[in-house]
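Peer 1: The sequence and its predicted three-dimensional model are supplied below.
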Amino acid sequence: MIAADLARAGVVAALAALAAARAVTVAVLLSAVAAATVLSCVSGPTSQAVIPEVIGQDRQTLDRFNGRYWIAAQLGRDFAGPPLGSVAFAAARALPFAADAVSFLASAALIGRLPRPRARACPQARAPVTAGLRHVFATPGLRARW
C-alpha cells in the first residue's frame, strides 16, 4: 500500500507540474488516469484486507468501522470531492493535482505507522492455478472458440 501510494503521489505530482506548465495533453491525462487506476487496484483491496488486522476480528466492531469507512469514502468521493476539486482547479490548474499528491504522501506516511500484521504461511499458488488452467483447456465448453 505504501509503494502504491508513493507511486500515485509521483504520477499526480508529475501531472501537477505539467498542469502548472500548461503542458497537459489528452494522452498525458489518459496515461496518468490509467496509471493511478492500476495503482488503486493494488491499494484498494489491500486496504480492505488489512482492516481486520488493525481493528480486530470482532464482528460488531468491524461492521461499525466498515460503515464509517464507507460513509467517509462516499462523502469525500461523491459529495465533497467534486466541488472542492472544481474550486481548486478554478484557483490554479495545478492545485487539485498537487493536493492529491500530498494526500497520497500523507497516506503512505500514515500507513507506515500502522502495526505490522502477523506473518502467515502463504500457500503455493502455482499448483491450483495450473490445475485450473488444465481444467479450462480440457473442458470444451469453457474455452472460447476462435
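Peer 2: All right, it came through fine. None of these values were measured; they are calculated from a predicted model.
Peer 1: where are the low-confidence patches of this structure?
Peer 2: 117-123, 143-146 (pLDDT under 70).
Peer 1: can you give me the helices in it?
Peer 2: Here the chain has its helices, by DSSP state H, at 2-20, 26-55, 59-74, 81-91, 95-112, 126-138.
Peer 1: Looking at those, which one is packed in the most?
Peer 2: helix 2-20 (a mean of 19; mean count of other CB atoms under 10 Å). (Each C-beta comes from the backbone N, C-alpha and C, glycine too.)
Peer 1: relative orientation of that one and helix 81-91 in degrees?
Peer 2: Angle of helix 2-20 versus helix 81-91, following axes from the mean of the first three to the mean of the last three CA atoms, to 10 degrees, is 40 degrees.
Peer 1: Residues contacting helix 2-20, please?
Peer 2: Applying CB atoms under 8 Å, 6 or more residues apart in numbering, the contact partners of helix 2-20 are 24, 28-29, 32, 35-36, 39-40, 42-43, 46, 92-95, 97-98, 100-102, 104-105, 107-108, 111-112.
Peer 1: same question, stretch 110-118
Peer 2: 1-2, 5, 50, 53-54.
Peer 1: Out of those residues, which two are the most distant from each other?
Peer 2: Among those, the pair separated by the greatest distance (CB to CB) is Asp5 and Glu53, at 17.6 Å.
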